[in-house]
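Q: Next one to model:
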Amino acid sequence: MSDHPETEANRPTAPCCSPDTAETAREGTAAPSGSPAQDAPEGPEGPEGPDGPAGLEGSEAVAVRAFWTRLGLPGLIDVHTHFMPERVLEKVWAYFDSAGPLTGMAWPITYREEEGRRVALLREFGVGSFTSMLYPHKPGMAEWLNGWAADFAARTPDCLRTATLFPEEGVERYVRAAVEGGARVFKSHVQVGAYDPGDPLLDPVWGLLAEARVPVVMHCGSGPAPGKHTGPGPVGSLLARHPRLPLIVAHMGMPEYTDFLDLAERHEEVRLDTTMAFTDFSERLSPFPAAERARLADLGDRVLLGTDFPNIPYPYLHQLRALERLDMGDDWLRAVCHGNAAALFSVP
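A: Okay, here's the model as predicted:
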């Protein structure tokens with residue numbers, strides 16, 4: 001936990017994964033990453049299904065380990081997991097629980113555990129490297145969040161040190177400080193932050209990150225609800241100015257899968273993470289187009305495992321099973337679940 005003092009400038013007034021609907025009226029701000037528009041699936045593939053029923057994490061860990069052992073991998077690398085200051089996470093979970101205005105339902109958090117237990121679960125699953133995705137919904141938060149994330153990474157050596165940003169005065173300074181301090185990956189959430197990635201304040205930041213070869217995981221697709229600056233257009237404009245920016249499109253860009261695959265084909269530094277994609281839940285809401293399976297296979301060297309752990313409404317194993325049933329072959333799975341991220345982040 002950070003002991004950073006809560007001031008009006010830095011105190012999070014709402015979940016960093018959701019808008020502050022009571023105090024903030026940012027146009028285009030959407031709900032938490034991965035928020036639903038319908039109930040979570042029930043039955044065989046839901047939270048109580050065979051992919052790892054809630055409350056039986058030991059059994060699930062055995063199954064997850066069996067998945068990557070069969071592939072001959074040393075473990076998994078998950079580029080999209082969430083760790084953040086406890087009071088911020090509590091607000092995130094409260095938003096899910098309250099059926100916030102942009103979700104319309106209570107969201108069952110499968111891994112509602114204290115921080116140490118959540119880290120232990122990933123280790124039990126055999127996740128050798130993971131991230132602490134966190135991001136601001138207003139000015140004055142990002143630098144404080146970066147300080148917390150640096151401390152978390154220092155005490156959690158298997159976490160790739162994560163940082164974030166917001167278009168505000170001083171952003172170039174604190175992004176540079178984070179990079180020089182050892183940040184391995186950044187998170188940008190243009191939906192929750194309600195900002196244009198082409199904001200002039202961010203232009204030197206993208207150049208800095210491109211030069212430093214530090215990847216940015218960006219939630220830029222219009223799921224679960226569109227924002228003023230979501231979709232492929234703003235990202236395409238960004239890449240036209242910074243074609244060497246190592247960009248990881250979160251959630252495969254859902255629901256604009258095809259458009260973001262187009263960007264990946266045109267820009268060799270564009271990658272996509274699998275977070276929530278292909279699962280029963282997302283297939284009901286934003287199904288991946290069957291016609292794009294061939295391109296998904298062709299871009300297999302630029303797809304990375306992401307899950308949204310712990311804030312998912314189904315077991316961790318289900319994301320892996322969803323990838324497996326795509327029937328892309330074991331080489332594709334090995335690359336997605338470990339090899340691609342290992343090469344990008346130079347980790348074992």
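
Q: Now do the helices in the stretch 1-150 of the chain.
A: 57-70, 86-97, 115-125, 142-155 (DSSP state H, counting those that start in this stretch).

Q: Pull out the buried residues from the lowest-mean-pLDDT helix or strand in the chain.
A: The helix or strand of the chain with the lowest confidence, counting by mean pLDDT, DSSP states H and E, is helix 86-97 at a mean of 87. Buried positions in helix 86-97, judged by neighbour count with 16 or more other C-beta atoms under 10 Å: 88, 89, 91, 92, 93, 95, 96. (C-beta placed from N, C-alpha, C; glycine too.)

Q: how much space between the third one and residue 85?
A: When C-beta to C-beta, to the nearest Å is applied, the distance between residue 91 and residue 85 equals 10 Å.

Q: likewise the fifth one?
A: Noted for residue 93: a distance of 13 Å to residue 85, by C-beta to C-beta.

Q: Would you list the phi and psi of residue 73?
A: Backbone torsions of residue 73, given as degrees, to the nearest 10, read phi -90, psi 160.

Q: before we move on, the earlier item: check which helices and strands the least confident helix or strand of the chain is in contact with.
A: Under the contact definition 3 or more C-beta pairs under 8 Å, 6 or more residues apart in numbering; DSSP states H and E, helix 86-97 sits against no other helix or strand.

Q: Grab the CA positions of that helix and hand them over as CSV.
A: The C-alpha coordinates for helix 86-97 follow below in CSV (Å, rounded to 0.1, in the frame of the first residue of the first chain):
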residue,chain,number,x,y,z
GLU,A,86,-6.1,-1.2,-2.2
ARG,A,87,-8.6,1.7,-1.8
VAL,A,88,-8.7,2.2,-5.6
LEU,A,89,-9.4,-1.5,-6.1
GLU,A,90,-12.1,-1.5,-3.5
LYS,A,91,-13.8,1.3,-5.5
VAL,A,92,-13.5,-0.8,-8.7
TRP,A,93,-15.1,-3.8,-7.0
ALA,A,94,-17.8,-1.6,-5.5
TYR,A,95,-18.6,-0.2,-9.0
PHE,A,96,-19.0,-3.7,-10.3
ASP,A,97,-21.1,-4.8,-7.4
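
Q: Just give me the residue closest to the centre of the protein.
A: Nearest residue to the geometric centre of the chain (C-alpha atoms, centre = their mean): residue 80, 3.7 Å.

Q: And residue 42, what's its pLDDT?
A: You'll see residue 42 listed with a pLDDT of 34.

Q: Check what pLDDT the residue nearest to residue 160 when sequence neighbours are not counted gets.
A: Spatial nearest neighbour of residue 160, chain neighbours left out: residue 184 (4.2 Å); criterion: C-beta to C-beta, 6 or more residues apart in numbering. In this model, residue 184 is scored at 98, pLDDT.
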